[in-house]
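# give me a model of this one.
(chains A and B)
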Amino acid sequence: MSTLSPPPRPTPPSASPQPPNPISLRLYKVLAASFDDDATREAIRTLSDLYIAPPAKGKEVRRDDDADLDDADELDVPARAQAKPGGRGIDEAAATAVVARARKNLRRDVDTMLAASSRKFLAAFGEVDKQLDILQEHIGTMRERCDEAQTQLRQTSDACRTLLDRAGSLREERHEVAMRQNIVSLFLARFTLSEDEKEAITSRDVPVGKRFFAAMDRAEKIRDDCRVLLSGADVQPTAGLEITLATSALLEQAYDKLFRWCCAEFRLMARDTQLDASPALREAVRRLQQRPELLTEALAHLAQTRESALLAAFTGALTRGGVGGLPRPIELHAHDPLRYAGDMLAWVHQALAAEREGLEGLFGVAGRRRMVGAVRTREGPEEAWMSEMLDRAVGGLGAPLKVRVMQTVRSQESSITSYKLANLLQFYMLTMQRTIGEDAVLSRTLQELTDASYKAFFDAIDALGRALLRAPLDLDDHSVSPPLAILDHAQVLREIMAVYESSLLGDESAEEQTAGFRAILDRLVDPALEMVPAAAEAKQRQRPRWDGTVFVLNTLEYLLGVLEPFAWTQEKQEVVKGRIAGVVAQLTEEHYNTILRDAGLDEVAAALESRQPDEPLSRVPAAQAGRLQQALDAFSGWLSGAGVVHAERLAAVDARRVAGDVHSAALGRVAETYGRLCEEVRRAENRYEAGATLLGGSRPFGQVHLLWQIFGLEGGAAA
Amino acid sequence: MGDYEDATELMETYDFLMKYIVIGEAGTGKSCLLHQFTHNTFKDHSQHTIGVEFSSRTVKLGEKRIKLQLWDTAGQERFRGRSVTRSYYRGAAGAILVYDITSRQSFLNLSRWLADARALASPHLVTVLVGNKSDKEEDREVEWAEASKWAAENDVHFLEASSLTGDNVEAPFLLCARSILLAIESGALDPEKAGSGVSYGDRALRRVNSSSRLSFGSLSGGRRKSTVKLRLPLTGGRCC
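Take a look at the predicted model:
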């Protein structure tokens, strides 16, 4: 673009020798300046564009900017006017003109253009400024609004806070209310019965069973809870009272229903021998114990039912027996008094035990086991009910039992059977007393029967005693053994004693055992003790040769023998032994006299006894020396006979030991008598001439110890 | 013991009620056997039984619950044995006849006891012979085979037990109950009749079944089970 490069400016001639001329410096600088850099080129291009390129354009611009660019108008008009016709030549010329003009007017044009541009800027910025003002205004407004909004917000939030507070408190309130509602509903649930439960209690259609009991439990629980509730001091009692009243009423209804149901059930229990309670019934009875008056009434029905049921069963057993008559009816054995009574009593006993079991089931105490044979301990309220029930249920059996037993007791002729019967009755009486108590009807009946049977027995043995007393001895019977009457009597005694022995349990004291039989022994043994000597005496009078003493001894010994096996007859044995001792003493005396007589010493002995104290023995006729000699000789003869070892009379004594004792005692006395005789004969006062010789003439030669030896007795040495 | 109590408590209701009588010579351990059966313990230093004593227990046999009313008798006449005992056969459905394996005498007297039972009790009386004191093997005087033979000849059930150790103690009672149930099943015995020694228990059950005969399906089903439970020695089951 060398063509476009600006023409070099006229530069002053350089004056080399001269100090650099500022102008030349300037020139140099200008000349040296290279315009071939991008910036310059750009500037020049801009310039060229300014002048050359846009005549057309410039026209348009001009038109657009007509009003604004008055100064440029004038400038451009010629250029445009020249350019309008167009053509090469013209362009050339125009360009030259332009360049020239440009050279001339560059500064002005640029300034003008700058000014125009500045004006344009000004106008534009004015506009912007205006807009900004508006904007500011807007912003101001906006801020105002914002402030306003903030204020409002603040106000609102202030207002909201109270609202929130209120909402919060309301929420709390609601919560509280909900809780109270909950509590109230729980309270109601706890303190009121549901319709279902109410129905269970009140309706006749709901059977007594689980549902009913559950409802009852609820009602009771409510009542108890209410009691607790009412006991709290700070609680309003109204609700509690109301609930208590309502519940109590319901409970009463429940008990009433239970009662009616129990009564109905109880009345049905007549069919079975065995009383058997269903679980529901057991529960009902347990609950009814809270209402003793109702239970009593209901149980009265049961007692009545059971009484008649048992009575019917008893009658059946008595008259009909078992299935097809087996086991046989009890009355079939009425001829066998013990079996008859025993079967009846056993039946009653079994019924009693079964009934008791049933009642235990009914009262729910069956779990409490009892040791076999242990006496029932009475405890708990159930026990009282059961005792009463049992008493009433089996009490009815007393009447038929009594009639039959009494009849049996009265018809007995044998005292042994009577005693067995009495014993049996007593045994059952004690057994039942242990089970149902002494005051129970049946116990009293049995007591009565036992008493009556004992009375019958005592009457019977009293009659036996009286008969024995009246029984005379057979005069033609020469034997001295116990008579038939006594043997029979003793047999009865023996059997009765055996029965008594078997009735002892082994745990009674000796005193108790003795006392238990004393009355019987008195009644049986005393008449015998009385009768034997009396009868013997009577017979003796008729038959003087008959040995009454030995007879009495034998009979008493026999009786003693009967009593001896039983320790509890000791008392009576002593009595008999006492009697025997008396008889033995009598017999000894008699035997002694017999021996003296047999031995020929009787007269001498009599003289010894009967002489006057101051009369010499030799002066007594019976003891004069000659008579004495005779007597001593006779004694000597007797000593060598059988009489020393054997006594004919004593041979009749059944008890050999007693016979021996009697003989020994008699011999002893003989020896003593002989001894005394010897003593007397030797004494000078008795004036025997050669008394020693007299004595020594015959055995035992006046030696008493020798006599003892002959008699085979000891004790002579001492004497 | 506690468990046992609970078990019996649950069994308060029952299907049948049966009366048993326990008989035999004195000192053969009748009361101990019963005590072991009702209490599961041995009763030491026991006294002679006087007259008769009563106890009861409910047992389960198959599906049936049976309440047993047990009459323990005195073996010794001195303690009102036989004469009183005789009256108690009347109501019995079963008899437990006890002898002591260490006492030949108690075995030899069995015939008398059995004769009594046959003469006095119902013709359907089921008798079980029990050789007690089986723990005293060293003192044994009666062989098992001999007793078994006697039982077979006399048409009674037989087993040995020990009231000391409790071994086999329940078996005679269960065996007896089973025989009675079978008699009922076969129609030979009617619990509805008085004097049979057996009666129906649960009232509800009876009401339901009063028109029709009692179903014994459960009994038949439980029979095998009960045999196992019985633990019968050697031969097992009945020996006649």
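# kindly export stretch A:169-187 (C-alpha atoms) in CSV.
The C-alpha coordinates for stretch A:169-187 follow below in CSV (Å, rounded to 0.1, in the frame of the first residue of the first chain):
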residue,chain,number,x,y,z
SER,A,169,-51.5,-25.1,74.2
LEU,A,170,-54.5,-26.4,72.3
ARG,A,171,-52.5,-29.4,71.2
GLU,A,172,-51.5,-30.0,74.7
GLU,A,173,-55.1,-29.6,75.8
ARG,A,174,-56.2,-32.0,73.1
HIS,A,175,-53.6,-34.5,74.2
GLU,A,176,-54.7,-34.2,77.8
VAL,A,177,-58.3,-34.6,76.8
ALA,A,178,-57.4,-37.7,74.8
MET,A,179,-55.6,-39.1,77.7
ARG,A,180,-58.5,-38.4,80.0
GLN,A,181,-60.7,-40.0,77.5
ASN,A,182,-58.4,-42.9,77.4
ILE,A,183,-58.4,-43.1,81.2
VAL,A,184,-62.2,-42.8,81.3
SER,A,185,-62.6,-45.5,78.7
LEU,A,186,-60.2,-47.7,80.6
PHE,A,187,-62.0,-46.9,83.8
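# let me see the mean pLDDT of that stretch.
Mean per-residue pLDDT for stretch A:169-187: 90.
# which parts of the helix or strand hosting residue A:705 are buried?
In the assignment (DSSP states H and E), residue A:705 maps to helix A:704-711. Burial within helix A:704-711, assessed by neighbour count using 16 or more other C-beta atoms under 10 Å in any protein chain shown, is assigned to A:704, A:707-708, A:710-711. (C-beta placed from N, C-alpha, C; glycine too.)
# which one's the longest helix in chain B?
helix B:170-185 (DSSP state H).
# can that helix be found next to chain A?
No - remark: helix B:170-185 sits outside contact range of chain A, by C-beta under 8 Å from any C-beta of the partner chain, the gap being at least 11.8 Å.
# surely residue B:21 is in a strand?
Yes - judged by DSSP: H, G, I helix; E, B strand; the rest coil, residue B:21 forms part of a strand.
# who's in contact with the nearest residue in space to it that is not next to it in sequence?
Nearest non-adjacent residue to residue B:21, counting by C-beta to C-beta, 6 or more residues apart in numbering or on different chains: residue B:92, 4.2 Å away. Applying C-beta atoms under 8 Å, 6 or more residues apart in numbering or on different chains to residue B:92 gives the contacts B:19-21, B:71, B:121-122, B:125, B:197.
# need the max-distance pair from those.
B:71 and B:122 (14.2 Å; C-beta to C-beta).
# just curious, which of the contacts of residue B:92 is nearest to chain A?
Closest approach to chain A among these (C-beta to the nearest C-beta): residue B:122, at 5.3 Å.
# so the closest one: helix, strand or coil?
coil.
# show me what contacts the residue positioned nearest the centre of chain B?
Geometric centre of chain B, nearest residue: residue B:173, 3.6 Å, by C-alpha atoms, centre = their mean. Neighbour list for residue B:173: B:20, B:37, B:59, B:68, B:96, B:128 [criterion: C-beta under 8 Å, 6+ apart].
# now the residue in chain B positioned nearest to chain A: which helix or strand?
Nearest residue of chain B to chain A (C-beta to the nearest C-beta) works out as residue B:195 at 2.6 Å. Under the criterion DSSP H and E, no helix or strand holds residue B:195.
# touching, residue A:592 and residue A:670? I think so.
Yes - counting by C-beta atoms under 8 Å, residue A:670 is a contact partner of residue A:592 at 6.5 Å.
# which one of the two has more residues nearby?
residue A:670 (25 against 22; other C-beta atoms under 10 Å in any protein chain shown).
# that one in helix, strand or coil?
With three-state DSSP as the criterion, residue A:670 reads helix.
# again with residue A:220
Assignment for residue A:220 (three-state DSSP): helix.
# give me the distance between it and chain B.
24 Å (C-beta to the nearest C-beta, to the nearest Å).
# which residues does that residue contact?
By C-beta under 8 Å, 6+ apart, the neighbours of residue A:220 are residue A:251.
# anything in the strand or helix carrying residue B:113 near chain A?
According to DSSP H and E, residue B:113 maps onto helix B:110-120. Yes - judged by C-beta under 8 Å from any C-beta, helix B:110-120 comes into contact with chain A through residue B:120.
# list the buried residues in that helix.
B:110, B:113-114, B:116-117, B:120.
# also stretch A:574-589?
Here stretch A:574-589 shows A:575-576, A:579-580, A:583-584, A:587-588 as buried, counting by 16+ other C-beta under 10 Å.
# next, count neighbours for the nearest residue to residue A:696 once chain neighbours are set aside.
Nearest residue to residue A:696 in three dimensions, chain neighbours excluded: residue A:702, at 5.6 Å (C-beta to C-beta, 6+ apart). Summarising burial for residue A:702: neighbours were counted as other C-beta under 10 Å, giving 23.
# and residue B:180, by the same measure?
Neighbours of residue B:180 using other C-beta under 10 Å come to 26.
# before we move on, what about residue B:141?
Neighbour tally, residue B:141, other C-beta under 10 Å: 14.
# what's the pLDDT at it?
At residue B:141, pLDDT is 93.
# let me see the contact set for it.
Here residue B:141 is in contact with B:101-104, B:107 (criterion: C-beta under 8 Å, 6+ apart).
# so the residue nearest to residue B:21: helix, strand or coil?
coil.
# where in chain B is pLDDT low?
Within chain B, the segments meeting pLDDT under 70 span B:1-12, B:45, B:77-82, B:194, B:202-240.
# all the helices of it, residue numbers only.
Using DSSP H, helices in chain B cover B:2-10, B:30-39, B:82-85, B:104-108, B:110-120, B:144-153, B:170-185, B:203-209, B:217-230.
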